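1. with the input below, show me the fold.
(2 chains)
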Amino acid sequence: MIPPVLVTVKVNRVFIPVPLLLLWPLLAAALVIAQVVLPFVRVAHTTPGQRALMPLAAVRLLGALRGLRVDVDAHDGTGVHIRCW
Amino acid sequence: MDENRMKILEMVAEGKVSVEEAQKLLGRLQSGGEATTVAVGERAALAADVSLLAAERPIPKHPKFLRVIVNVSEDEAVKVNIRVPLALLRTGIKLTALLPQQAREQIEQQGINLEALSQLDTDELIEALAALTVDVDVENAVAVRIFCE
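-> Reported below is the predicted structural model:
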């Protein structure tokens, strides 16, 4: 599951592209650190095994968001457009 | 006429129409072709029926997205177009394995069997959703379409 490369958000006339590709190294570093640290951090009522699966599950969830598209257009021309590439 | 016949045969091959429906359409085509006094409008209507059926959404074999399209065409028109990746469904089901034990117990007390949910064959579920089509029309004011593609 590859995380999204680009997320674009357009609210009314404001267009915000978020190049997630540039954040991939940071995401990889966070994944490695979380994978090492989380099993040893106490999170209520979870087993170390479950905690070890959490970082990868988070990345998979991000990857599953690819292709998400939300377009809401109101009658007065305002609207919200969210795309995940 | 050959073009309409081909379209009907293609629709049978793709599963859009049943054999009986195709037979009726072919019958109408044949009777329209043999009659010498068939009105132009009637032939056009038959061609339109065939074209309409051909234009209907094909059923995908491996759907990847759930689409929700809402058009509200009353005074304050609103259009909503949502495309949700079905991979989220797979990932969501797998996330149930990460729930804390206490949360699992409370959910199961509400009658939800998480064990059965986690053992669900998501590929089979997603393929079963391929034929999902919901069309809602409310007095030409609100139109809702839900389908998988």
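2. interface residues of chain A facing chain B?
-> Along chain A, the residues adjacent to chain B under the rule Cβ under 8 Å from any Cβ of the partner chain are A:1, A:43-47, A:50, A:53-54, A:57, A:60-61, A:63-75. Every residue, glycine included, has its C-beta placed from N, CA and C.
3. now with 6 Å?
-> Of all the residues in chain A, those in contact range of chain B (Cβ under 6 Å from any Cβ of the partner chain) are A:45-46, A:50, A:53-54, A:57, A:60-61, A:64, A:67-75.
4. in what helix or strand does residue B:79 lie?
-> Here residue B:79, judged by DSSP states H and E, is contained in strand B:78-85.
5. can you list the strands that that strand pairs with?
-> strand A:69-73 (antiparallel), strand B:65-72 (antiparallel) (DSSP bridges).
6. downstream neighbour of that strand in the secondary structure list?
-> Tracing the chain past strand B:78-85, the next element assigned as helix or strand by DSSP H and E is helix B:87-95.
7. now the angle from that next one to strand B:65-72?
-> Regarding helix B:87-95 and strand B:65-72, their directions subtend 120 degrees when assessed with axes from the mean of the first three to the mean of the last three Cα atoms, to 10 degrees.
8. packing partners of helix B:87-95?
-> Where contact means 3 or more Cβ pairs under 6 Å, 6 or more residues apart in numbering or on different chains; DSSP states H and E, helix B:87-95 is packed against helix A:48-64.
9. who touches residue B:130 in this structure?
-> Applying Cβ atoms under 6 Å, 6 or more residues apart in numbering or on different chains to residue B:130 gives the contacts B:59-60, B:63, B:148.
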